[in-house]
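Colleague: here is a sequence together with a model predicted from it:
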Amino acid sequence: MKLYKGFLGYSMHRMAFLKRETLLLLTGDIALLVFSLWLALTVRVLHPPQIHYLLRALTSFIPVFILSLVVFFIAGMYEKQTRLVRRIMGSRILGAQVANTVLAAVIFFLLPLVIAPKTILLLYLIISVLLIQAWRFYITPRLTVRSPQLALLVGQGVAVRDLFEEVNGNNKYRLRFLEHIDTSSIESRLVPERIRDAIGQGARTIVLDTRDNGIHGELPALYDAMLEGVTFIDFASLYEDLFDRVPLAHIDYVWLLNILPQHHVLYDVAKRAFDILGALVGLVIAAVFVIPAAAILALSGGTPFIFNDRIGKGGKIIRLAKLRTMLFNDNGDPELRSKNRVTEFGKFLRKSRIDELPQLYNILTGDLSFIGPRPEFPQLAATYEQDIPYYGIRHVVTPGLSGWAQIRDFDAPKHVEDVNRTRNKLSYDLYYLKHRSFALDMVIAIKTIRALLMFSGV
């Protein structure tokens, strides 16, 4: 119970910290967008604007401000960042502000607003990009930095070492590990002694792998430390919190039983209703793109559409409709695939994801959902079920047009056999099974929209 309370306390503290950090970013962005407009008006007239002119401009720019925040959210500027990479975030800010300016220009030209947009919008773009970059890169880190709490990591395996390197290599975390006790290199009876030594050095948080047999048997010896207020955190839960995936080597059948999708009646019904409505609307819109693309494919020779067998919910075979992007349909057969290739027009269809629009029909029939683990070819799934423990558990939910692994694991194999990379992909699929919710589905949808707008083809 103390272990659970310790982790629950950490999770609630971390969630509160993330909410405060997001609120800080949002408040700062709003203030800087307003200040950018004020500064743009000042530069335009070469003196601070009069109050009535400023209020009129602010009123006109309210749709622009709201649109900017929406675009920032879609661009991922409020995501949990494990590593703040300036090159990536800088390009996101610039791209978001360019998109904002284009959309704002459309708003200004379509609506009878009273402010001349061209010069002010240009100034607003330049100023807001510079100010928000300075805010994100130089000011925010100084406001959110806190003294790290000393901790100890106990466990074995690659995932444990990855966690140690991630936490100690990143100043954003409130933990700092004094050391990593590798349970594979010491006798289990020495673990409590090593933990007590670390507590004596100031460690007040102990992160340990409770599924490690050596550790589990020595937990009673740590009871006194629990009573003294030392916080114990389960390694697997902390790993999920930081990496947004599960450590496959540290889960078992008990873990799987706890995450099986039970008691999700309201969620499942609402999700299916959204799928039906979204598919109906989507098919009408998709026709604008699919019909011309199908005509081009027909004129180039061959059938415009292909139907691939995939593994659906419960392991049953489903047939997915797609626009043809290769010379012919190899249906995932390795020998045929070696003789096949993507056409030039097919590359465009894949990048834009137009080739997958016919799958809206599969969503309408219930074989697919908008969000869920991506369905695999039967022959590949059979191989993975033999070589990767728990692989078949991903088939307990309806597969999706886009999924958590698809937007998070950029090294996932694209329908070619690769056991090691598929293990990593499965770690994201299991994370989705454990945490699936309306909120997580919305995050996946937004990230997918961003991928579509960037033509990333993920």
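Modeller: Okay, I see it.

Colleague: quick one, what contacts the most centrally placed residue in the chain?
Modeller: Compute the mean C-alpha point of the chain, and by C-alpha atoms, centre = their mean the closest residue is residue 408, 5.3 Å away. Residue 408 makes contact with 244, 245, 428, according to C-beta atoms under 8 Å, 6 or more residues apart in numbering. For every residue, glycine as well, the C-beta is placed using N, CA and C.

Colleague: how about residue 202?
Modeller: 150, 178.

Colleague: what strand or helix carries the nearest residue to residue 78 once chain neighbours are set aside?
Modeller: Residue nearest to residue 78 in three dimensions, not counting chain neighbours: residue 22, with 5.4 Å by C-beta to C-beta, 6 or more residues apart in numbering. Using DSSP states H and E, residue 22 falls within helix 2-45.

Colleague: what's the distance between residue 359 and residue 306?
Modeller: 12 Å (C-beta to C-beta, to the nearest Å).

Colleague: circling back to that earlier point, what is the subsequent helix or strand relative to the helix holding residue 22?
Modeller: According to DSSP H and E, the helix or strand after helix 2-45 is helix 51-74.

Colleague: what's the distance between the residue nearest to the centre of the chain and residue 438?
Modeller: Distance, residue 408 to residue 438, by C-beta to C-beta: 18 Å.

Colleague: with residue 250 instead?
Modeller: Counting by C-beta to C-beta, the gap from residue 250 to residue 438 is 28 Å.

Colleague: so for the two, which sits in the more crowded spot?
Modeller: residue 250 (20 against 13; other C-beta atoms under 10 Å).

Colleague: pLDDT score for the more buried one?
Modeller: For residue 250, the model assigns a pLDDT of 87.

Colleague: surely residue 362 touches residue 369?
Modeller: No - applying C-beta atoms under 8 Å as the test, residue 362 and residue 369 come out as separate, 9.4 Å apart.

Colleague: spit out the residues that contact residue 359 and residue 306 alike.
Modeller: Joint contacts of residue 359 and residue 306 (C-beta under 8 Å, 6+ apart) are 321, 322.

Colleague: check contacts around residue 328.
Modeller: Taking C-beta under 8 Å, 6+ apart, one finds 302, 336, 340 in contact with residue 328.

Colleague: contact partners for the residue lying closest to the first one once chain neighbours are set aside?
Modeller: Across the structure, with C-beta to C-beta, 6+ apart as the measure, the residue nearest residue 302 apart from its sequence neighbours is residue 324 (6.3 Å). Contacts were defined as C-beta under 8 Å, 6+ apart; by that measure residue 324 touches 297, 302, 303, 304, 305, 306, 346, 355.

Colleague: check residue 150 too.
Modeller: 176, 178, 201, 202, 203, 204, 205.

Colleague: JSON lines for those, including pLDDT and distance to residue 380?
Modeller: As requested, the contacts of residue 150 are arranged in JSON lines below (pLDDT from 0 to 100; distance: C-beta to C-beta, whole Å):
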{"residue": "176", "pLDDT": "89", "distance to residue 380": "42"}
{"residue": "178", "pLDDT": "91", "distance to residue 380": "44"}
{"residue": "201", "pLDDT": "89", "distance to residue 380": "49"}
{"residue": "202", "pLDDT": "89", "distance to residue 380": "50"}
{"residue": "203", "pLDDT": "89", "distance to residue 380": "45"}
{"residue": "204", "pLDDT": "87", "distance to residue 380": "47"}
{"residue": "205", "pLDDT": "90", "distance to residue 380": "42"}
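
Colleague: which stretches of the stretch 51-200 of the chain form helices?
Modeller: With DSSP state H, counting those that start in this stretch, the ranges of helices along the stretch 51-200 of the chain come out as 51-74, 86-110, 117-134, 140-144, 158-168, 191-200.

Colleague: rounded mean pLDDT for stretch 278-286, please.
Modeller: For stretch 278-286, the per-residue pLDDT averages 94.

Colleague: can you give me the buried ones in it?
Modeller: Neighbour counts over stretch 278-286 (16 or more other C-beta atoms under 10 Å) mark 278, 279, 282, 283, 286 as buried.

Colleague: one more: stretch 347-358?
Modeller: Quick answer for stretch 347-358 (16+ other C-beta under 10 Å): 349, 350, 353, 354, 355, 356, 357, 358.

Colleague: now those residues in TSV, with distance to residue 53 and secondary structure?
Modeller: What follows is these, written out as TSV (distance: C-beta to C-beta, whole Å; DSSP: H, G, I helix; E, B strand; the rest coil):
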residue	distance to residue 53	secondary structure
349	50	helix
350	50	helix
353	45	coil
354	46	helix
355	51	helix
356	49	helix
357	47	helix
358	53	helix
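
Colleague: need the max-distance pair from those.
Modeller: 350 and 358 (13.6 Å; C-beta to C-beta).

Colleague: in the stretch 301-450 of the chain, where is pLDDT below threshold?
Modeller: 331-334 (pLDDT under 70).

Colleague: rerun at 90
Modeller: By pLDDT under 90, the low-scoring segments of the stretch 301-450 of the chain are 301-303, 306, 308, 324-353, 356, 406-420, 435-440, 442-450.

Colleague: and the strands in it?
Modeller: 305-311, 317-323, 369-371, 400-402 (DSSP state E, counting those that start in this stretch).

Colleague: strand partners of the last one, parallel vs antiparallel please.
Modeller: In the sheet containing strand 400-402, the strands it pairs with under DSSP bridges are strand 369-371 (parallel).

Colleague: counting neighbours, what do you get for residue 268?
Modeller: Residue 268 has 15 nearby residues by other C-beta under 10 Å.
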